[in-house]
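Peer 1: Sequence and predicted model, in that order:
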Amino acid sequence: MYEDIWAIEHAISLLDWDIQTYMPQSGIKARGEALARLSNLRRKLLLGIRGEIEKLEPKNDIEKGLKRVLEREYKYYDAVPEELDMKLHRITSEATVVWRNAKAKGDFNAFKPYLEQILEIKREIAHKLGYKDHPYSALLDRYEEGFTVTDAERVFNELLPGLSKILNKIDDKFTRKYHFEDEKYDVFQMSKTIEAIAYEVLKMPKDRFRIDVSPHPFTVSMSRNDVRITVRYEGYDFKRVLYSLVHESGHAIYELQIDPSLEYSPLANAPSMGLHESQSRFWENVVGRSYGFIKTIYPLLNVKDSIDDVYYYVNGVKRQPIRVDADEVTYNFHIAIRYEIEKRAIEGSLEASEFPSLFNDLMDKYLNIRPKNDGEGVLQDVHWSQGSFGYFPTYTLGNVIAGMVYYHMKSERGFDISNIEGIKNWLRERIHKYGSIYSPKELQMRSFGEAYNPSRLLDYMREKYNA
């Protein structure tokens, strides 16, 4: 009964991917209209099977999951009028292209009118959805089922002070400057290295996975057998493109390992963005920045420096303004900045025009630096142009869960970086194969006996950086 809806989702995913990769800029208005109409058609088809879902009396966990996931959709549709949803799709499709140009020029004023409209819509949606503790919780729940501002405050209040202590005691081998940071590389040759790491080291399946280029790296899944990622080549500091590959491959591995029997159903997805992000961050940081992984890829890098030098270079810790380039020690401070801005904006105490000044002030507070311009400050991320308020905190949740994954994997079977397939198999059995059958908190409790425990991440950081 869900196959027609799946087909529309498949088409939307492909059209979204094309916007970020190969679509000519002038095609954006027509694309925005097409996406708005497809999303509206999906909505109508989903509402068309509502009666069957309401009558469903679940006999197993899969049917319980199916009912839970679709009832969350119906709650959204009941609360958010069709015309408001279409308005959001239209404005965000245009805003994504405007943001790209504004970022390149560091011109916040060019993007501000779009941000004002998007913010107005997201506030309205939050109030229509309803909430218990804070209007922002309504948007957090869209990306992390059941997660609230109260939960977020608990996580950040434990995590940020702990990270500050780790940052202040870090070994100077991690903070010194390595020449790779400024050294240029040949993009063509680097693309060959990236492909070799993807297919030979990470064992990504060539018949189900591909790599393209976009301004902002991302992953999209058309189906279990068509998962695509993008990377960004900047021509210097090769760890940037290396870890965009490993990060997005972590997302892709999750998508590729969801149980095939769930295909064509609403359960063929991760239960939340926090769970999804935990896999990209686990692969990027815990696996990809481990000494064993550096030793494995070292022959492919074609460098004269020692393995130790490369290891400390890729694990370098530096207070710098760009989130996607941040090291794992400072990364969550970048998320705290965005969390605070979004929380205040949705509650109504912050307007779009105030985003740049608060962004800069919070970066000064957490990292003791200020962006040179809005291009490397408030405009650096695509998320707000897409209307993704509530998304950023899931990056920190991903880091927290990645710390839990490392703790439990190491405790149960050891952490053997030479056995990539073994790591994949463990993750598939504990997390990936279930798709959205269970809510994010329930899946964590089933797999680990705990949920959103920041202490595991802090322990991992201390072991690595303060040993």
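Peer 2: Yep, it's here.

Peer 1: max-length helix in this structure?
Peer 2: Selection of the longest helix in the chain by residue count, based on DSSP state H, yields helix 82-105.

Peer 1: what helices or strands is it leaning on?
Peer 2: helix 3-21, helix 28-48, helix 108-129 (3 or more Cβ pairs under 8 Å, 6 or more residues apart in numbering; DSSP states H and E). Where C-beta positions appear, they are placed from N, C-alpha and C, glycine not excepted.

Peer 1: Now the element after the last one, going C-ward?
Peer 2: For helix 108-129, the following helix or strand on the C-terminal side (DSSP states H and E) is helix 135-143.

Peer 1: Verify the stated contact: Tyr460 with Val405.
Peer 2: No: assessed by Cβ atoms under 8 Å, Tyr460 is found out of contact with Val405, at 9.8 Å.

Peer 1: Overlap in contacts, these two.
Peer 2: Common neighbours of Tyr460 and Val405 (criterion: Cβ atoms under 8 Å, 6 or more residues apart in numbering): Val286.

Peer 1: Which one's more surrounded, the two?
Peer 2: Comparing Tyr460 with Val405 by other Cβ atoms under 10 Å, the one with more neighbours is Val405, at 25 against 21.

Peer 1: Wait, a strand at Ile229?
Peer 2: Yes: counting by DSSP: H, G, I helix; E, B strand; the rest coil, Ile229 is found in a strand.

Peer 1: mind checking how far it is from Val220?
Peer 2: Using Cβ to Cβ, to the nearest Å, Ile229 is found at 8 Å from Val220.

Peer 1: Settle it for me: which of these two has more neighbours?
Peer 2: Looking at Ile229 and Val220 with other Cβ under 10 Å, you find the greater number of neighbours at Ile229, namely 26 against 22.

Peer 1: I figured the more buried one hits Ser214, correct?
Peer 2: No: between Ile229 and Ser214 there is no contact under Cβ under 8 Å: 9.4 Å.

Peer 1: ok, how many other residues are close to Met404?
Peer 2: 24.

Peer 1: Likewise for Leu458?
Peer 2: Neighbours of Leu458 using other Cβ under 10 Å come to 19.

Peer 1: what does Asn466 give?
Peer 2: The tally of other residues near Asn466 (other Cβ under 10 Å) stands at 13.

Peer 1: Chain neighbours aside, what residue packs nearest to it?
Peer 2: Nearest non-adjacent residue to Asn466, counting by Cβ to Cβ, 6 or more residues apart in numbering: Lys169, 5.2 Å away.

Peer 1: about what we covered before: so which of the helices and strands packed on helix 82-105 gets nearest Arg344?
Peer 2: Arg344 lies closest, by Cβ to Cβ, to one member of those: helix 108-129, at 11.1 Å.

Peer 1: so what secondary structure elements neighbour that closest one?
Peer 2: Applying 3+ Cβ pairs under 8 Å, 6+ apart, we find helix 108-129 packed against helix 61-79, helix 82-105, helix 135-143, helix 331-347, helix 355-367.

Peer 1: and if we set it to 7 Å?
Peer 2: Using 3 or more Cβ pairs under 7 Å, 6 or more residues apart in numbering; DSSP states H and E, the elements in contact with helix 108-129 are helix 61-79, helix 82-105, helix 135-143, helix 331-347.

Peer 1: Pipe those into TSV and attach distance to Ile28 and mean pLDDT per row.
Peer 2: Shown next, in TSV, are the helices and strands packed on helix 108-129 (distance: least, Cβ to Cβ, whole Å; pLDDT from 0 to 100):
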stretch	distance to Ile28	mean pLDDT
helix 61-79	26	95
helix 82-105	5	92
helix 135-143	25	97
helix 331-347	25	98
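
Peer 1: for those helices, which one sits closest to Gln117?
Peer 2: That would be, of the helices and strands packed on helix 108-129 and by Cβ to Cβ, helix 82-105, which comes in at 5.3 Å.

Peer 1: okay, the angle between the closest one and helix 28-48?
Peer 2: 140 degrees (axes from the mean of the first three to the mean of the last three Cα atoms, to 10 degrees).

Peer 1: Could you give me the buried positions within helix 82-105?
Peer 2: Using 16 or more other Cβ atoms under 10 Å as the test for burial, helix 82-105 gives 85-100, 102-103.
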